[in-house]
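1. For reference, the sequence and a predicted model appear below.
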Amino acid sequence: MERLAWGLVGGGEDSQIGFAHRAGATLDRRFELVAGAMDADPARGREYAKRIGVEPDRAYGDWREMLDGERIRDDRPHLVTVATPNATHFEISKSYLEAGFHVLCEKPLTMTPDSAWELCKIARANGRILAVNYGYSGYPMLRQAKAMVRRGELGRIRVVVAEFAGGFLADARDMENPRVKWRFDPEQVGVSSITGDAGIHALHAACFATGQNVRSLSADFATGIEGRKLEDDSLIAFRMTSGTVGRLWSSGLAIGRAHGLTLQIFGERGGLQWQQEHPGQIKWTPLGEATQILEKGGSNLHPEAERAARIPIGHPEGMVFAFSNIYRDLADVIASALNGREPDPLALDFPRATDGAHSIDAIHAAAKSAELNGIWTEVPQRSI
């Protein structure tokens with residue numbers, strides 16, 4: 001199978017997320033990294049791109065140089081990933097979409113709702129894919145949860161509880177640590193810190209698995225470490241579009257929790273529990289029956305989960321494999337379009353631009369609610 005060309009903006013040697021993108025994109029040999037502008041320092045970016053195999057004439061100093069160089073090539077990238085700081089997502093994604101590239105943008109899609117929905121419209125107007133890297137949605141057992149809900153195995157969903165709470169921002173001595181400090185700078189992250197950075201993943205997981213959006217919410221933002229301009233802990237109650245009650249806890253202060261992404265879904269006929277730290281299992285409790293453990297790679301899973309599992313039962317799969325499932329989805333859809341055929345329906349669950357834009361609407365509604373002491377606030381229900 002011919003590999004598709006892939007370009008990467010950001011995600012360089014010191015990037016927290018860069019390795020997962022590079023490994024995930026190339027795991028199935030569906031994409032080949034052919035161009036990169038990988039660092040804010042032009043010299044470092046060029047040197048690193050060349051060191052990992054990018055040809056010297058396609059190792060660029062910044063994203064504009066890469067855009068100018070790649071847009072005129074016959075072998076230009078089929079997909080460009082934007083893995084840069086939050087405040088740059090809009091301009092970079094917009095520029096590449098308008099130049100005719102498909103784009104996978106790191107979350108959050110943008111810093112404001114209007115700019116997020118503008119990107120959705122630009123992608124549609126140019127006939128391009130704009131995906132958002134809610135990478136955890138690539139886990140096989142989260143896709144199993146979605147498949148079970150979609151097939152009605154839980155009945156009507158009554159309650160969903162999502163958490164992304166760990167101790168990764170709990171050390172007050174990190175106030176001036178550059179890797180931490182930027183996360184609490186409104187100029188770089190917008191109206192929210194921990195909720196828009198970590199909680200947004202859990203919120204998307206709730207929407208992804210239930211097939212619903214957030215309709216309204218009440219938020220409490222708190223700052224546990226003095227001097228931070230934005231919240232490091234939040235609790236949000238929300239209502240979803242089909243009536244499901246939701247709860248979201250986001251925190252960087254939960255010492256003892258290493259990662260903290262969890263999802264619980266409770267329906268009329270049973271309940272599901274999934275933890276990212278134990279990604280290969282779901283606890284499934286049918287109404288009136290004992291709890292069962294569904295295992296990744298087992299024989300009793302739905303095709304959505306079977307397709308996403310890479311190695312045999314009992315062997316753990318992690319974040320890189322989850323990312324690879326999103327890249328494989330995108331490769332299937334892009335290749336199908338190039339060859340004039342319909343993609344595999346199982347490839348269509350990748351996180352889309354409208355998912356990312358809805359998340360930004362919800363985060364901004366939460367920030368507004370928190371400012372107003374938790375008043376219930378409507379989340380716009382938009383489409384393009």
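-> Okay, I see it. Residues are numbered from 1 along each chain as shown.

2. From now on I want contacts and neighbour counts done on CA atoms only, so please keep to that.
-> Noted.

3. Please report phi then psi for residue 348.
-> phi -100, psi 10 (degrees, to the nearest 10).

4. now the strands for the stretch 151-300 of the chain?
-> For the stretch 151-300 of the chain, the strands defined by DSSP state E, counting those that start in this stretch cover 157-165, 214-222, 233-240, 245-251, 261-267, 270-275, 281-286, 292-295.

5. Tell me the helices and strands packed up against the following helix or strand past the last one.
-> Which is strand 292-295. Downstream of strand 292-295, the first helix or strand assigned by DSSP states H and E is helix 303-308. Packing partners of helix 303-308 (3 or more C-alpha pairs under 8 Å, 6 or more residues apart in numbering; DSSP states H and E): helix 140-150.

6. nearest to residue 361, of the strands of the stretch 151-300 of the chain?
-> Nearest to residue 361, of all those, is strand 214-222, at 9.3 Å by C-alpha to C-alpha.

7. What's the separation between residue 205 and residue 78?
-> As judged by C-alpha to C-alpha, to the nearest Å, residue 205 and residue 78 stand 27 Å apart.

8. Between the two, point out the one with more neighbours.
-> residue 205 (24 against 19; other C-alpha atoms under 10 Å).

9. pretty sure that one contacts residue 139?
-> No. Checked against C-alpha atoms under 8 Å, the pair residue 205 and residue 139 is beyond contact range at 10.6 Å.

10. where does this structure have low pLDDT?
-> 1 (pLDDT under 70).

11. could you pull out the helices for it?
-> 18-26, 42-51, 63-70, 89-98, 113-125, 140-150, 178-181, 186-189, 194, 200-210, 303-308, 319-338, 353-371 (DSSP state H).

12. quick one: contacts of the shortest one?
-> Applying C-alpha atoms under 8 Å, 6 or more residues apart in numbering, the contact partners of helix 194 are 183, 231-234, 250-252.

13. same thing but 6 Å
-> residue 232 (C-alpha atoms under 6 Å, 6 or more residues apart in numbering).

14. ok, the spatially most central residue of the chain - contacts?
-> Residue closest to the mean C-alpha point of the chain, counted by C-alpha atoms, centre = their mean, is residue 134 at 1.2 Å. By C-alpha under 6 Å, 6+ apart, the contact set of residue 134 is empty.

15. Check residue 370 too.
-> Each residue near residue 370 by C-alpha under 6 Å, 6+ apart is listed here: 219-221.

16. Same check on residue 82?
-> Neighbouring residues of residue 82 by C-alpha under 6 Å, 6+ apart: 9, 105.

17. Show me what it bridges to in the sheet.
-> residue 9, residue 105 (DSSP bridges).

18. in stretch 145-165, what counts as buried?
-> For stretch 145-165, the neighbour count (16 or more other C-alpha atoms under 10 Å) marks 145-149, 153-165 as buried.

19. Would you mind listing the outside residues contacting it?
-> Against stretch 145-165 from outside (C-alpha under 6 Å, 6+ apart): 198-199, 202, 209, 244-252, 254, 260-270.

20. what number of residues lie near residue 68?
-> 11.

21. actually residue 74, sorry about that
-> Residue crowding around residue 74 was assessed by other C-alpha under 10 Å; the count is 7.

22. Same question for the one 10 residues further on.
-> Counted with other C-alpha under 10 Å, the burial measure for residue 84 works out to 23 neighbours.

23. same question, residue 86
-> That count, for residue 86 with other C-alpha under 10 Å as the rule, works out to 21.

24. excluding its backbone neighbours, what's nearest it?
-> With C-alpha to C-alpha, 6 or more residues apart in numbering as the criterion, residue 86 has its nearest non-adjacent residue at 5.9 Å, and that residue is residue 189.

25. and if you look at residue 10?
-> Nearest residue to residue 10, sequence neighbours excluded (C-alpha to C-alpha, 6+ apart): residue 38, at 4.0 Å.

26. Please verify my assumption that that neighbour contacts residue 9.
-> Yes. Counting by C-alpha atoms under 6 Å, residue 9 is a contact partner of residue 38 at 5.3 Å.

27. ok, those two, which is more surrounded?
-> Neighbours were counted for residue 38 and for residue 9 using other C-alpha under 10 Å; residue 38 has more, 32 against 27.

28. and the more buried one, how far is that from residue 26?
-> Separation of residue 38 from residue 26 (C-alpha to C-alpha) stands at 17 Å.

29. And residue 9, by the same measure?
-> Applying C-alpha to C-alpha to residue 9 and residue 26 gives a distance of 16 Å.
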